[in-house]
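[1] coordinates only, sequence not included:
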């Protein structure tokens, strides 16, 4: 596990950019945190560093947004408004799960039972004047991402275990 602090939107985007350097497809990442915690801000930093320069918005109403990147497609899902996990089947979730795909999922609990398991869970919480980002690997692939990120951001690490 790796724990970081980000003081402000710019730092949160910088963490996302560092994550982009460590994340290789195929990989499934769950993003957990309250409304306004900065899940989409983290994704924006990741996308910018990955070469995407278009608008990045939370897919709250569309549920899914694809972003073509040189390394493959990043799918950003926001399941906050999902009525039933089975809706993911109708949206074509199975078609998204390919070898060149990065899948970042906000509110993954709403897709429980249908979503594939995560390689990495990122939990974003509030601190006075900052956000705490906890990177919790679930698979060996997730563990590699966390180890690479820790090496890349050694000077910013507030604590790890």
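    Now that the structure is in, tell me what you want to look at. Worth saying up front: this structure is predicted, and the values here are computed from it rather than measured.
[2] ok, and what's touching stretch 95-104?
    Stretch 95-104 has contacts (Cβ atoms under 8 Å, 6 or more residues apart in numbering) with 23, 25-29, 31, 43, 46, 64, 69, 71-77, 116. Where C-beta positions appear, they are placed from N, C-alpha and C, glycine not excepted.
[3] give me the low-pLDDT residue ranges for the protein?
    In the prediction, the chain carries residues with pLDDT under 70 at positions 59-62, 99, 155-161.
[4] Please repeat the previous calculation with a cut-off of 90.
    Per-residue confidence for the chain (pLDDT under 90) gives these ranges: 8, 24-26, 35-38, 40, 50-102, 109-116, 129, 152-161.
[5] Point to the residue nearest the middle of it.
    When the chain is reduced to its mean C-alpha position, the closest residue under Cα atoms, centre = their mean turns out to be residue 104, at 4.3 Å.
[6] follow-up on the earlier one: could you turn the buried ones of the contacts of stretch 95-104 into a ChimeraX selection?
    If you want just the buried ones from the contacts of stretch 95-104 in ChimeraX, going by 16 or more other Cβ atoms under 10 Å, the selection is:
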select :23,25,27,28,29,31,43,46,64,69,72,74,75,76,77
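[7] from the contacts of stretch 95-104, which ones fall inside helices?
    43, 46 (DSSP state H).
[8] Which ones among the contacts of stretch 95-104 lie within strands?
    Among those, the subset assigned to strands under DSSP state E consists of 27, 28, 29, 31, 64, 69, 72, 73, 74, 75, 76, 77.
[9] and the residue nearest to the centre of the chain, helix, strand or coil?
    Following DSSP: H, G, I helix; E, B strand; the rest coil, residue 104 is assigned to strand.
[10] Quick one: residues contacting residue 14.
    6, 45.
[11] and with 7 Å instead?
    Residue 14 makes contact with residue 45, according to Cβ atoms under 7 Å, 6 or more residues apart in numbering.
[12] Helix or strand: which one has it?
    For residue 14, the host element (DSSP states H and E) is helix 9-22.
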